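> I'd like to go over a predicted model; first the sequence, then the structure.
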Amino acid sequence: MSNYYVSLFLVTTLIFSCTRPKSPDEQLMESLGELPQLTGKSDYLKSPFTSAGDRLYLIGNQDGSFPDMGWHVEGEMGGIWMHPIKLMDGFTASLSSGEKSICLDQGTSFANYSMANAIQFDGSEMGLEVRRVHFVPDGKPGIVILYEIKNVDASEKSIRFNFNAYVDLMPVWLGDRSGMVDSTDVISFDEQTQTFTGKDLGNDWFTVWGGSNEFILNPSEISCEMNPKGKGASAGSEVDLMIPSGQSIQIPIFIAGSDQSNLEALETFADLKSTYVEDFFSKKSRYEKLRQTAEIQIPDQELQEAYEWIKYNTDWLVRDVPGIGRGFGAGLQDYPWWFGVDSEYTIQGLITTGRKDLVYSTIELIHSLSEKENGNGRIVHEVSTNGIVFNPGNINETPQWASTIWEVYRWTGDREFLETYFPGIEKGLNWLLEENDKDGNLLPDGYGMMEIHGLESEMIDVAAYSQKAFADAAQMAEILGEYELAKRYQQTADALAEKINTDFWVPEFGSYADFIGTAEEALHLIDGAIIRADTLNKPWAVKELKATKAKLSTLPKDQKQGFVLYHNWVVNTPMETGIADPEKARIALATGEKYTNPFGVFVTGIDRDEQAESEDGTFSGSKIFSYTGAVMTLPTGVQAIGENNYGNPDAALDYLKRMTRSFGFALPGSIYEVSPDYGMFTQAWNMYSFAVPIITQFFGIQPDAGNRVIYIRPQMPTDWENASIQKVLIGDNEISMTYEKSGDQLSIEITQTEKKWGISIEIPESYSKVKVLGKEVSSDTKDGFRRILMTGAKARIEASKN
């Protein structure tokens with residue numbers, strides 16, 4: 001063979017043996033497969049999803065369309081939001097080649113990733129496979145959309161890609177109260193920067209979008225029309241493509257916004273364009289850390305997966321608004337802003353999963369908003385992202401704030417944190433009783449969690465949370481050297497505990513009362529309850545309520561006592577807080593079981609009927625948004641926590657499994673606010689309902705970070721013979737735990753990074769033989785449990801009952 005042919009052979013071999021280096025876009029697309037992923041149901045392609053970051057999020061339908069949705073700002077809660085303004089109602093795209101054309105707004109499948117989404121479109125008519133991917137980088141008011149188009153035909157294809165943006169620059173809910181007035185939008189194209197800009201004519205609100213340097217979008221006619229409401233504007237753009245047979249291309253679209261200037265939006269756009277691949281991998285790394293922190297391995301794989309995704313869900317809800325603050329919203333799509341009580345529940349679960357950063361920023365935000373609005377320790381209820389307070393606070397939110405601060409301190413041991421927020425707690429508890437306890441009986445009057453019109457007497461949840469608040473505040477005051485205050489707070493807590501277990505207990509119903517009030521107040525409320533039950537066709541409830549009414553009619557109008565009317569879920573709060581007498585708790589928890597369906601606990605018990613146990617399909621809610629007939633995760637989580645508090649982990653697990661039936665029912669990777677598929681499609685307080693029962697009760701992790709001691713008292717469901725949790729962050733310590741049980745044999749092992757911390761492992765006294773492997777400091781028994789205090793990097797006990 002001549003040298004020429006040898007050289008030609010080598011060159012040809014080299015060309016065909018070397019794989020073309022993957023482009024950054026291809027690397028990004030390929031790495032999607034490494035993320036946690038769930039696929040949606042075809043029946044729910046017309047329901048919403050989100051692609052979310054802390055500065056911006058997108059909400060559309062799983063088929064890729066952007067219909068008008070939501071009720072807070074009617075029809076405007078979807079699209080692209082950069083709070084406190086909206087940027088776009090959405091976008092469409094199309095592909096055309098010769099006489100053939102397809103609109104990319106009727107996706108055939110939806111995949112949800114922990115931090116991204118992908119929608120598949122049917123391009124078979126044109127010999128194409130088409131996918132749309134979106135993600136929002138951390139800390140940036142912008143979004144990246146990638147269209148991946150693969151030519152699956154045998155020949156090269158010439159394709160025209162059209163992208164159509166529907167701008168709608170408008171203010172958030174309550175914007176008018178802060179002078180935010182929506183005006184008409186206009187769109188321009190800048191030849192120099194190759195970008196489109198949308199502007200609100202009456203405000204310095206801007207959105208900028210365009211393609212990459214490789215795929216420049218030029219102005220064109222609109223294809224694939226949308227018809228959103230509002231004062232927005234639309235613009236089309238296009239780029240021509242050549243796609244070799246068997247090859248794929250990725251077309252990135254970048255959308256950025258600013259409520260300050262066009263220059264700021266352009267700078268964000270340029271930043272997105274130059275760093276979006278790095279942004280993707282940075283966020284991917286952060287989400288992997290979320291997964292690994294407080295990661296559980298349990299026998300119930302569905303519950304384990306739901307718990308993992310709830311950590312991602314909470315991150316989707318973070319709203320960082322310059323000039324206002326950073327904290328998680330309550331739920332999407334209609335509650336993206338901040339709530340006192342939603343934060344209070346969520347934080348108690350969130351701190352157990354290692355999100356101290358988000359816990360601290362949310363607490364700072366709610367505190368500052370409350371101080372600005374009220375200034376007396378009262379905690380706000382609902383605040384829009386422009387800082388306007390809608391509701392200055394229901395009564396329950398102020399005592400719950402005290403318990404939230406205490407719980408965070410238990411996990412962090414941060415004395416400076418305690419010193420910062422305790423003065424507000426002291427003011428709030430003064431406000432609670434001085435301004436809301438009309439008759440001086442320590443039971444504040446006013447709305448609690450149940451915002452039923454007229455139901456604002458002495459509510460059971462307000463009483464239970466007040467009792468816990470004073471007990472928790474007593475411990476905080478003790479730590480801060482306020483000994484007389486601590487004594488007074490504890491006396492109040494003890495008195496409230498007595499009242500809850502006497503005045504609120506209604507033996508004939510086997511339940512704590514919804515409220516304490518006069519017979520006249522109860523008669524007024526009962527008429528509304530009868531109308532509700534009759535309208536919902538709940539004859540058992542109508543019968544019960546009429547019998548109650550007949551009995552009440554014989555009482556003096558001003559006679560005050562506890563009444564059971566609605567069987568609201570809040571009657572379970574004495575068990576949630578652990579203040580219920582054990583025998584009353586046993587009876588009340590059994591009563592609570594009656595007001596459930598396969599997804600969990602009814603918000604209002606009289607909405608239940610005998611068909612409830614077979615109601616395992618879609619929720620038939622009213623066209624006008626309402627919680628009537630709702631089963632929700634918060635009431636169900638409260639019931640689970642209550643069961644655990646009184647030694648019933650199997651019953652608690654049953655409630656967790658009920659909630660898990662809603663996981664992915666409509667949106668893969670998420671649990672709806674109202675089970676299984678109504679209301680907000682992702683909800684913050686799911687973190688409370690799952691993390692608290694699992695981490696603090698099943699695994700039994702109860703920290704005292706201030707004293708550098710962690711108490712471990714596992715309370716596992718019967719069938720959980722093996723379980724573990726890794727990387728639980730407590731103060732500056734990190735622990736991992738394994739639990740193994742076989743017959744009468746039990747072993748518990750704890751590892752920690754701070755060797756000098758104390759680990760108190762507590763097991764039932766029925767385990768008569770105990771082997772301690774590690775550095776034992778002390779051992780004693782209390783309340784039927786043997787407690788072994790150990791230090792060192794590893795603490796392990798092996799025990800048996802014989």
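Sure, I can see it. All figures in this text were calculated on a predicted structure; none of them were measured in a lab. Residues are numbered from 1 along each chain as shown.
> Least confident secondary structure element in this structure?
helix 3-17 (a mean of 36; mean pLDDT, DSSP states H and E).
> right, and the helix or strand after that helix?
Counting by DSSP states H and E, the next helix or strand C-terminal to helix 3-17 is helix 24-31.
> Contacts for that following helix, please.
For helix 24-31, the external contacting residues (C-beta atoms under 8 Å, 6 or more residues apart in numbering) are 22, 133, 146, 148, 248, 250, 252, 277, 280-281, 284. (C-beta placed from N, C-alpha, C; glycine too.)
> With neighbour count added, can I get those in TSV?
Shown next, in TSV, are these (neighbours: other C-beta atoms under 10 Å):
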residue	neighbour count
22	11
133	23
146	21
148	19
248	18
250	20
252	21
277	16
280	24
281	13
284	19
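> Which of these scores worst on pLDDT?
Ranked by pLDDT, the contacts of helix 24-31 bottom out at residue 22, which has 77.
> Contact partners for that one?
residue 30 are the contacts of residue 22 under C-beta under 8 Å, 6+ apart.
> CA-only coordinates of stretch 337-350 in CSV, if you can.
Extracted in CSV, the C-alpha atoms of stretch 337-350 (Å, rounded to 0.1, in the frame of the first residue of the first chain):
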residue,chain,number,x,y,z
TRP,A,337,-46.8,35.5,48.4
TRP,A,338,-46.2,35.3,52.1
PHE,A,339,-48.3,34.1,55.0
GLY,A,340,-47.7,34.1,58.7
VAL,A,341,-49.3,30.8,59.6
ASP,A,342,-48.2,28.9,56.5
SER,A,343,-44.6,29.9,57.3
GLU,A,344,-45.0,28.9,61.0
TYR,A,345,-46.1,25.4,60.1
THR,A,346,-43.7,25.0,57.3
ILE,A,347,-40.6,26.2,59.2
GLN,A,348,-41.1,23.6,61.9
GLY,A,349,-40.7,20.9,59.2
LEU,A,350,-38.1,22.9,57.1
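> burial measure for residue 776, as a count.
When neighbours are counted by other C-beta atoms under 10 Å, residue 776 registers 14.
> Verify the stated contact: it with residue 790.
Yes - counting by C-beta atoms under 8 Å, residue 776 touches residue 790, with 5.4 Å between them.
> want to throw the contacts of helix 24-31 into JSON lines with secondary structure?
Output for those, formatted as JSON lines (DSSP: H, G, I helix; E, B strand; the rest coil):
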{"residue": "22", "secondary structure": "coil"}
{"residue": "133", "secondary structure": "strand"}
{"residue": "146", "secondary structure": "strand"}
{"residue": "148", "secondary structure": "strand"}
{"residue": "248", "secondary structure": "strand"}
{"residue": "250", "secondary structure": "strand"}
{"residue": "252", "secondary structure": "strand"}
{"residue": "277", "secondary structure": "helix"}
{"residue": "280", "secondary structure": "helix"}
{"residue": "281", "secondary structure": "helix"}
{"residue": "284", "secondary structure": "helix"}
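> out of those, what pair is the most spread apart?
248 and 284 (20.8 Å; C-beta to C-beta).
> CA atoms only: put stretch 776-792 into CSV for me.
C-alpha atoms of stretch 776-792 as CSV (Å, rounded to 0.1, in the frame of the first residue of the first chain):
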residue,chain,number,x,y,z
GLU,A,776,-21.4,6.1,78.0
VAL,A,777,-21.7,9.2,80.3
SER,A,778,-24.8,8.2,82.3
SER,A,779,-27.9,6.0,82.3
ASP,A,780,-31.3,6.3,83.9
THR,A,781,-35.0,5.4,83.5
LYS,A,782,-38.0,7.8,83.2
ASP,A,783,-41.6,7.3,82.1
GLY,A,784,-41.0,3.7,81.0
PHE,A,785,-37.9,4.5,79.0
ARG,A,786,-34.2,3.7,79.6
ARG,A,787,-32.1,6.7,78.7
ILE,A,788,-28.4,6.3,77.8
LEU,A,789,-26.3,9.4,77.4
MET,A,790,-23.2,9.0,75.2
THR,A,791,-20.6,11.1,73.6
GLY,A,792,-18.1,10.5,70.7
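> buried set for that stretch?
Residues 786-792 are the ones in stretch 776-792 that count as buried (16 or more other C-beta atoms under 10 Å).
> before we move on, back to that, which among the contacts of helix 24-31 gets closest to residue 678?
Nearest to residue 678 among the contacts of helix 24-31 is residue 133, at 28.3 Å by C-beta to C-beta.
> So which residue is dead centre in this protein?
With distances taken as C-alpha atoms, centre = their mean, the residue of the chain nearest its centroid is residue 684 (2.2 Å).
> Confirm for me that it is in contact with residue 329.
Yes - judged on C-beta under 8 Å, residue 684 makes contact with residue 329 at a distance of 6.9 Å.
> Might you specify the subset of the buried residues of stretch 776-792 located within strands?
Using DSSP state E, the members of those that fall in strands are 786-792.
> Show me which pair in these is furthest apart.
Farthest apart among these by C-beta to C-beta are 786 and 792. That separation is 19.1 Å.
> quick one: the nearest residue to residue 666 once chain neighbours are set aside from residue 619, how far?
Nearest residue to residue 666, sequence neighbours excluded (C-beta to C-beta, 6 or more residues apart in numbering): residue 677, at 3.9 Å. The gap separating residue 677 from residue 619 is 6 Å, by C-beta to C-beta, to the nearest Å.
> any idea how far residue 213 is from residue 165?
Applying C-beta to C-beta, the value for residue 165 to residue 213 is 19 Å.
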